[in-house]
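[1] A predicted structure for the sequence below; I have some questions about it.
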Amino acid sequence: EALTPQQLCDAVYLSVAQRYHMCKKRLTISETALLRDLERVRTLSILAAGFGGKQLAAAFRCMVFDYRHYSGGLPDLLLTRAKFADTSSDLELVDLGEWVGESFSPEAVTQQHIERGASMLMDQDEEFLGCTKVGDSGGRGVRSRRSQKQRAPPVGSEVRKVLPPLPKRVQLEFDGRPVQVQCMFVEVKSSNDRLDGRQEDWLNVLDRNGFARVCKFTDNKKNRKSK
């Protein structure tokens, strides 16, 4: 709990870097978890700084105390922003794409939009203009993409001959100015939905040691009728 935000950043980075150097000595790598962490180590570092040692310690304590209970119920959303720490204004925000990169970069955001659009098209109903994909002759036709989906490969099945380069360590400064990372957990609920026991427990723990909120939304159609 006594670690500073920069020390938390460094702790996350050094944890990944240690695994990286251990695997680098081998000719091949079969740890998909490490490859995944390398792609987002800078993001994970700033998130640790945004949570703070007190919130991280409380979350870990809950998982150790009763993993079965706290293994579910975490909030739906995590909001993150970075602001310059040398000013009291909340309007001077840091561009995460320029500072952190990774999934915040413009290229990554564009790719995410493309993948999300493609996923929506693939998940559409098989019926198109009143006709199914199966022909009138009763043939089997083309099998649905859903039925052709394969199970995700188990962890450790991916093998690469060369490790990608280790990203640079994150420093909590940008353009020579100190940066403060802020995080907030948000549980999204409809107007007629309720929190279950595990969600309430997580929100209490996270808000007591950081920031956590419940966001309720209503149906616009009902609001329009009432007006």
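    Right, received. Where do you want to start?
[2] CA only for contacts and neighbour counts going forward, please
    OK.
[3] for C183, what are phi and psi?
    Here is the backbone geometry of C183 (degrees, to the nearest 10): phi -130, psi 150.
[4] pLDDT score for it?
    C183 carries a pLDDT score of 95 in this model.
[5] is it correct that it is in contact with F51?
    Yes. With contact defined as CA atoms under 8 Å, C183 counts as touching F51 (6.1 Å).
[6] low-confidence ranges, this structure, go.
    26-30, 123-161, 220-227 (pLDDT under 70).
[7] for V12, list the residues it contacts.
    With contacts defined as CA atoms under 8 Å, 6 or more residues apart in numbering, V12 is in contact with 41, 44-45, 48.
[8] element containing it?
    Take DSSP states H and E as the rule and V12 turns out to sit in helix 5-24.
[9] buried residues in that helix, which are they?
    5-6, 8-10, 12-13, 16-17, 20, 23 (16 or more other CA atoms under 10 Å).
[10] for stretch 168-186, same thing?
    In stretch 168-186, counting by 16+ other CA under 10 Å, buried: 169-173, 179-186.
[11] likewise for stretch 59-70?
    Of the residues in stretch 59-70, those buried (16+ other CA under 10 Å) are 59, 62, 70.
[12] hmm, S71 and the second one touching each other?
    Put plainly, it is C62. No. The pair C62 and S71 does not pass the contact test of CA under 8 Å, sitting 9.3 Å apart.
[13] quick one, strands of the chain?
    Using DSSP state E, the strands of the chain run over 77-84, 173-174, 177-190, 212-217.
[14] turn those strands into TSV, columns for distance to W202.
    Listed next are those as TSV, based on distance: least, CA to CA, whole Å:
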stretch	distance to W202
strand 77-84	13
strand 173-174	31
strand 177-190	10
strand 212-217	9
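[15] as JSON lines, the contacts of V12 with distance to E31 and neighbour count would be great.
    Formatted as JSON lines, the contacts of V12 follow (distance: CA to CA, whole Å; neighbours: other CA atoms under 10 Å):
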{"residue": "V41", "distance to E31": "15", "neighbour count": "27"}
{"residue": "L44", "distance to E31": "18", "neighbour count": "17"}
{"residue": "S45", "distance to E31": "20", "neighbour count": "25"}
{"residue": "A48", "distance to E31": "23", "neighbour count": "22"}
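[16] quick check, central residue of this protein?
    In the chain, the C-alpha nearest the mean C-alpha coordinate belongs to L78, at 7.4 Å (CA atoms, centre = their mean).
[17] that one contacts Q182, correct?
    No. Under the criterion of CA under 8 Å, L78 is not in contact with Q182, lying 10.4 Å apart.
[18] which other helices and strands contact the longest helix that the chain contains?
    Assignment by DSSP state H gives helix 41-65 as the longest helix of the chain. Applying 3 or more CA pairs under 8 Å, 6 or more residues apart in numbering; DSSP states H and E, one finds that helix 41-65 contacts helix 5-24, strand 177-190, helix 197-209.
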